[in-house]
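> Next come a sequence and a model predicted from it.
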Amino acid sequence: MLKGLLKTIGKIYFGHKLVLWMILTVLPVGVSVFMLEMFSSEIVQHIPVGILKQDHSQLADRLERAIQSSPVLDVKVNCHDMSECEHAVIRGDLQTFIVLPTDLERRALRLEAPVIPVYSSGQNYLTNMFATKEIRAVLTDVGSELFTASFEDPIKTEIHSVGNIEGNYQGFLALGLVSAMFHLAAMLVAVYIASFPLRDKRVREFYQYAERSWVTLGVASFVPAVIILWLEYMGCYAYTHRMLMPMGFEEFVMVSVAQLLMVICCVGAGMVFVGVTGVMRIATGVSGVIGGPAFAFAGQTFPVMAMPFAVRCFAFLLPLTHVLRVQSMMLLGDVGMAASWEVVKLMAGMALFWTLFGCFTMVLRWKYRLKHDSQMPVVVEEDGEITVDALFKSVLEKIRRRKHD
């Protein structure tokens with residue numbers, strides 16, 4: 001019994017099971033270590049913030065210097081008005097901006113606690129928590145030097161949300177999760193479709209159906225899947241969107257285009273995985289390793305600007321990161337249209353690259369398999385060609401049926 005147990009374990013786990021070990025070790029351990037390095041930093045650094053100085057007193061200058069000296073905060077913009085800062089938050093250039101009001105020093109001289117408004121992006125709760133916590137710490141540290149120790153709250157802060165007045169972070173998170181699901185599904189569907197002729201050794205059969213045209217075979221294989229996934233994606237997004245404000249026509253058009261481009265990118269990536277590896281199991285494993293944890297690196301749950309450089313590069317390569325940016329900006333109305341258009345143009349370039357690369361690798365893989373299969377003898381029928389091996393299997397199946405009858 002022990003011998004049989006060991007032989008069975010060896011057969012299951014060590015019999016050329018590369019994909020099994022990728023899923024068993026690389027996916028959980030590798031991704032966990034990768035995320036641990038990202039989340040275990042002592043402090044989050046370089047969160048982009050802006051400052052709107054309405055008061056030009058010595059206290060305002062002192063607070064500005066304190067904010068600039070913080071390693072967590074990175075002052076990117078000194079705004080001239082509220083609109084400039086709000087648009088920067090919508091574009092994603094800023095996470096937070098601080099308003100130093102006109103009566104700042106006057107209230108401090110009257111021994112009244114100054115109130116400093118802090119405006120944060122209404123979509124990323126975790127990033128807001130990091131930024132506002134550090135801002136409060138900096139302001140409290142400066143305020144403690146102005147008043148006696150008995151003054152409990154020397155400088156107060158008012159937290160405001162840009163584009164999410166109700167504080168409904170669950171709605172934004174749900175939209176991100178829907179996008180992450182289709183991001184992974186598009187890769188897996190492309191892997192399955194691209195692998196089907198290779199796995200069942202039916203490249204020649206499909207090639208004959210396509211009238212010996214690789215373009216026809218490629219269009220017939222992947223375009224329907226792209227359209228179906230895109231329509232499903234838009235439907236699920238619209239259904240999830242009911243948790244937030246009503247969707248305008250401009251948002252619908254811009255987000256739909258971005259979603260289509262994301263699906264094309266992921267389908268192209270799935271084609272590349274199959275074209276390079278030639279094995280469905282390995283391509284599926286690669287898709288799972290890349291697409292599975294993508295949501296954690298797309299900027300919805302953790303600030304991209306606070307990630308290590310290598311992780312930021314990985315996040316930039318993910319189509320999910322860019323489609324989430326478009327969704328976030330368009331949720332805030334027409335003001336996000338121009339910034340969204342720049343992201344859409346970037347996604348169009350990515351979609352073109354992955355589509356061309358995927359088609360190139362798949363045509364090479366199909367040609368190689370067609371040449372390999374052509375070495376087998378065939379029987380010519382009216383509808384096309386079938387291999388002798390397939391014909392022999394069908395004859396054996398008929399013999400078995402007759403025996404049972």
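On my side now, so go ahead. Numbering: from 1, shown residues only.
> Show me the strands in the chain, by range?
Per DSSP state E, the chain carries strands over the ranges 47-53, 73-79, 96-100, 115-121, 156-162, 378-380, 385-387.
> Partner strands of the fourth one, with direction?
This points to strand 115-121. strand 96-100 (antiparallel), strand 156-162 (parallel) (DSSP bridges).
> Ala315: which of the strands of the chain is closest?
strand 47-53 (15.5 Å; C-beta to C-beta). Where you see a C-beta, it was placed from the backbone N, CA and C, and this is true even at glycine.
> Could you verify my assumption that Ser258 touches Ser328?
Wrong residue type there; residue 258 is Ala, not Ser. No: between Ala258 and Ser328 there is no contact under C-beta atoms under 8 Å: 10.9 Å.
> hmm, back to that, need the winner for burial among the strands paired with strand 115-121.
Comparing the strands paired with strand 115-121 by mean neighbour count (mean count of other C-beta atoms under 10 Å), strand 96-100 comes out on top with a mean of 25.
> which residues sit against it?
Surrounding strand 96-100, the residues in contact under the criterion C-beta atoms under 8 Å, 6 or more residues apart in numbering are 47, 49-55, 60, 63-64, 67, 77, 79, 82, 85, 88-89, 116-121, 128, 131-132, 135.
> State the distance from Leu59 to Ala296.
Distance, Leu59 to Ala296, using C-beta to C-beta, to the nearest Å: 41 Å.
> Comparing the strands of the chain by mean pLDDT, which bottoms out?
Sorting the strands of the chain by mean pLDDT places strand 378-380 lowest, at a mean of 44.
> Pick out the residue nearest the middle of this protein.
Leu320 (2.6 Å; C-alpha atoms, centre = their mean).
> is the closest residue to Arg136 other than its chain neighbours in a bridge, and if so with what?
Using C-beta to C-beta, 6 or more residues apart in numbering and skipping residues adjacent in sequence, the residue nearest Arg136 is Thr157, 5.5 Å away. For Thr157, the beta-bridge partners are Ile116 (DSSP bridges).
> for Thr157, what are its contacts?
Contacts of Thr157 (C-beta under 8 Å, 6+ apart): Val115, Ile116, Pro117, Val118, Thr132, Ile135, Arg136, Leu139.
> who wins for most neighbours among those?
When the contacts of Thr157 are compared by neighbour count (other C-beta atoms under 10 Å), Ile135 ends up highest, at 24 neighbours.
> Hmm, Leu73 and it touching each other?
Yes: counting by C-beta under 8 Å, Ile135 does reach Leu73; the two are 7.0 Å apart.
> Name the residues contacting each of those two.
Taking C-beta under 8 Å, 6+ apart as the contact rule, the neighbours common to Ile135 and Leu73 are Val49, Ile67.
> neighbours around Ser69, how many?
Ser69: 10 neighbours (other C-beta under 10 Å).
> Quick one: low-confidence residue ranges for the stretch 251-400 of the chain.
302-303, 305-306, 331-336, 373-396, 398-400 (pLDDT under 70).
> Could you rerun that using 50?
376-386, 388 (pLDDT under 50).
> now the stretch 51-200 of the chain
165, 167.
> Which parts of it are helices?
Taking DSSP state H, counting those that start in this stretch as the test, the helices found in the stretch 51-200 of the chain are 58-68, 82-91, 104-109, 125-144, 169-199.
> any chance of those helices in TSV, plus distance to Phe222?
What follows is the helices of the stretch 51-200 of the chain, written out as TSV (distance: least, C-beta to C-beta, whole Å):
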stretch	distance to Phe222
helix 58-68	51
helix 82-91	34
helix 104-109	60
helix 125-144	36
helix 169-199	6
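> tell me the phi and psi of Val72?
Here is the backbone geometry of Val72 (degrees, to the nearest 10): phi -80, psi -40.
> ok, now which ones touch the residue nearest to it when sequence neighbours are not counted?
Nearest residue to Val72, sequence neighbours excluded (C-beta to C-beta, 6+ apart): Glu134, at 4.1 Å. Listed by C-beta under 8 Å, 6+ apart, the contact set of Glu134 reads Ile47, Ser70, Val72, Leu73.
> okay but the third one is in contact with Ile47, surely?
It refers to Val72. Yes: Val72 is within contact range of Ile47, at 6.0 Å (criterion: C-beta under 8 Å).
> Need the overlap of contacts for the two.
Phe130, Ala131, Glu134.
> so which of those residues comes closest to Val343?
Out of the shared contacts of Val72 and Ile47, the member with the shortest distance to Val343 (by C-beta to C-beta) is Ala131, at 22.5 Å.
> And Glu84, how far from Ile67?
Here the criterion is C-beta to C-beta. By it, Glu84 lies 18 Å from Ile67.
> closest one to Ala185 among the strands of the chain?
Evaluated over those, closeness to Ala185 peaks at strand 115-121, with 27.9 Å, by C-beta to C-beta.
> tell me the angle the closest one makes with helix 125-144.
On the basis of axes from the mean of the first three to the mean of the last three C-alpha atoms, to 10 degrees, strand 115-121 is oriented at 160 degrees to helix 125-144.
> ok and strand 115-121 relative to helix 58-68, angle-wise?
Using the same axes, to 10 degrees: strand 115-121 against helix 58-68 is 30 degrees.
> and Glu84 and Ile67? which has more neighbours close in?
Neighbours were tallied for Glu84 and for Ile67 using other C-beta under 10 Å; the higher tally belongs to Ile67 (21 against 15).
> List the buried residues of stretch 227-245.
Leu229, Trp230, Tyr233, Met234, Cys236, Tyr237, Thr240, His241, Leu244, Met245 (16 or more other C-beta atoms under 10 Å).
> Please apply the same query to stretch 215-229.
Buried residues in stretch 215-229 (16+ other C-beta under 10 Å): Leu217, Gly218, Ser221, Phe222, Ala225, Val226, Leu229.
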